[in-house]
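Test case, fold it:
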Amino acid sequence: MADENTNYAKSLATKAKLASRGLKGLTTLEKNSVLKRVEELLLENESAIFEKNKIDMKNGQEKGLSSAMMDRLLLDSKRIKNMAKSIEEIRNLPDPVGEVVRGTILPNGLELLTKRVPIGVVMTIFESRPNVIIDIASLSFKSGNACILRGGSEAFHSNLILSSLFHQAIEEKKLPGVTKDVVTFVENTNREAMVPFFQLDDLIDVIVPRGGEALIRFVSENSKIPVIKHDKGVTNLYLSNHANPNIVLPILVNSKVQRPGVCNALENLLIHKDYPNIKNLLESLESNGVQILGDASVTKVFPSAKPASEDDFYTEFLDTRLSVKIVNSLSEAMENIRKYSSGHTECILSEDITEIQTFQKELDSAAIFVNCSTRFHDGGEYGLGAEVGISTGKLHVRGPMGLIHLTTTTTYVTGSGQVRV
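From the prediction side, this is the model:
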């Protein structure tokens, strides 16, 4: 079985590597023509996509998937239209390939021209969300990369039909040198079949895992290939006593309740002890469907809150639970954020400019928000069209990984006979 899995991985990765070469000669218009066709096929095949997604949803219910996983798994008309819209936005973005990032002539007369080029082959491993197929395939294709997509078994039927639409668009357009292997879907969902891919550093250039903590750790510990981690989102918000009370509740409700099963949803709320009517605020959150888990300071003013454990403040709930703590100062709030944060998103609600600047300067995360919902930490909302994921690491890319982040650079050096002395 080990040899079978190794051969399977090597076969797919080899085809993807060869296919990536065919993308290098494409013009922006040619790439956009394929993306436009995928966009059309999504809308034309809405009913067929629903039918496949129903199979996954039924299987997910039988397996007892969490509410967060079921929410991520669901495809409805709105989400399909949003996928089509994300492709349109990617089409309208400038093509990063060929962009000149540096041009200079050295004193010895050598001409240096540094341009953006595709990374090559990008493998993404993800759980549940079928829209990832479309987002990553579109971003990879536009940036001139082949992609290997390995989704979870819970979304198999949805992933299969979505990847097939991309293949159909490529085959219809008949672009010279371009095969459907530029979008490779891994149909084998067994975990043991995943590991051989991680050893193919001569064929795959980077791996991007998107999912739970266990998946991220598993990939990182087993891969010889560079890994860009898209880790959990333990998102924190500090509510200052200097906050504008008119914006507080709408921001908190949107951050937590609008879509609780995603990584930019609020998980920890830190409230300054002098914020007025803390009890009323917590009652309002509860009436909006938030389940309050509070430390001793919270349960004292809001007895209906469930006691929060220390582990709760480290937890990405991905549901309507919210860990709440009352703090004495901005400094104490930041100490808690440094302790519990996963480096994804931090937010402050305050009208005190000094307080805001301190919060921004002294914390270290992929995004730091001021007076707005944490739900805006998203590639589409950032104007990137879509995202490969949200990186919580610090190398190559941090935050939403978009079109430009799927490129690296090549420097072209032109001389007239110079030799080094």
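
thinking Val234 is in contact with Asn264, fair?
No. In this structure, Val234 is not within contact of Asn264 by Cβ atoms under 8 Å, at 11.0 Å. All C-beta atoms are positioned from the backbone trio N, CA, C, and that covers glycine.

what touches both of those two?
Residues touching both Val234 and Asn264 (Cβ atoms under 8 Å, 6 or more residues apart in numbering) are His344.

so where's this protein uncertain?
1-2 (pLDDT under 70).

In it, where's the longest helix?
helix 2-23 (DSSP state H).

can you map out the helices along the stretch 101-250 of the chain?
For the stretch 101-250 of the chain, the helices defined by DSSP state H, counting those that start in this stretch occupy 131-142, 156-173, 213-222, 245-257.

tell me which residues in the shortest one are buried?
Of the residues in helix 213-222, those buried under the neighbour-count criterion (16 or more other Cβ atoms under 10 Å) are Leu215, Ile216, Phe218, Val219, Asn222.

Could you export these to TSV, including columns for distance to Ile125?
Below are those laid out as TSV (distance: Cβ to Cβ, whole Å):
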residue	distance to Ile125
Leu215	7
Ile216	9
Phe218	9
Val219	6
Asn222	11
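
any idea how far the residue located most distally from the centre of the chain is from Arg259?
Most distant from the centre of the chain: Val421, at 48.2 Å, with distances by Cα atoms, centre = their mean. For Val421, the distance to Arg259 equals 62 Å [Cβ to Cβ, to the nearest Å].

Then Leu203?
For Leu203 relative to Arg259 (Cβ to Cβ), the value is 36 Å.

Neighbour count: these two, which is higher?
Between Leu203 and Arg259, counting by other Cβ atoms under 10 Å, Leu203 is the more crowded of the two (22 against 15).

And for the residue lying closest to that one once chain neighbours are set aside, the neighbour number?
Computed as Cβ to Cβ, 6 or more residues apart in numbering, the closest residue to Leu203 that is not its neighbour in sequence is Ala13, at 4.0 Å. The number of residues packed near Ala13 is 23, by other Cβ under 10 Å.

same thing with Asp202?
Counted with other Cβ under 10 Å, Asp202 comes out at 12.

which of the helices of the stretch 101-250 of the chain is buried the deepest?
Ranked by mean neighbour count, those are led by helix 131-142 with a mean of 27 (mean count of other Cβ atoms under 10 Å).

For Ile125, give me its contacts.
Arg150, Met194, Ile207, Val208, Pro209, Arg210, Gly211, Leu215, Val219.

what do you get if the cut-off is 6 Å, keeping everything else the same?
For Ile125, the contacting residues are Arg150, Pro209, by Cβ atoms under 6 Å, 6 or more residues apart in numbering.
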